[in-house]
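1. Below are the sequence and a predicted model for it; my questions follow.
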Amino acid sequence: MPGLIAIDLVHYLVYIMVMIRLNIYEAKTHLSRYLSMIRKGETILLCKRNQPIAEIRPLQSRRAERRPVGLARGQFAVPPEFFEPLPEDLMQAIQGEVR
């Protein structure tokens, strides 16, 4: 598997070298500039004294339209046991009464 290790190393190096790396002071000073880059899809590696501590990336955009209800209709059935009460010991554990 030496080939897989080499690919992982190349992927890692490209990932680290291409990504924008910022120290906290730089990020605070030019926050709006970097936020606009993130909004466009860029990922930023936030560092403290040149040591990576966080990765800032854009959130996935919301769907333009709502998902229709009932997409999985007929694909599974809820068994009758689902509606039975949980065992008492499990209920006590959930409520924090058992240690």
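-> Right, received. Where do you want to start?
2. contacts and neighbour counts: CA atoms only from here.
-> Fine.
3. How much space separates the residue nearest the centre of the chain from residue 75?
-> Geometric centre of the chain, nearest residue: residue 59, 9.1 Å, by C-alpha atoms, centre = their mean. Residue 59 sits at a distance of 31 Å from residue 75 (criterion: C-alpha to C-alpha, to the nearest Å).
4. now the residue nearest to the centre of the chain: how far from residue 39?
-> Counting by C-alpha to C-alpha, the separation of residue 59 from residue 39 is 8 Å.
5. Toward the C-terminus, what is the element adjacent to the helix or strand of the chain with the lowest mean pLDDT?
-> One helix or strand of the chain scores below all others by mean pLDDT, DSSP states H and E: helix 2-18, with a mean of 62. Moving toward the C-terminus from helix 2-18, the next helix or strand (DSSP states H and E) is strand 20-23.
6. immediately after that following strand, which helix or strand?
-> Following strand 20-23 in sequence, per DSSP H and E, is helix 24-29.
7. Can you point out the buried residues in whatever helix or strand comes next after that following helix?
-> The first helix or strand that comes after helix 24-29 along the chain, using DSSP H and E, is helix 31-39. Neighbour counts over helix 31-39 (16 or more other C-alpha atoms under 10 Å) mark 34-35, 37-38 as buried.
8. any chance of those residues in a markdown table, with pLDDT too?
-> As requested, those are exported to a markdown table (pLDDT from 0 to 100):
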| residue | pLDDT |
| --- | --- |
| 34 | 93 |
| 35 | 92 |
| 37 | 90 |
| 38 | 91 |
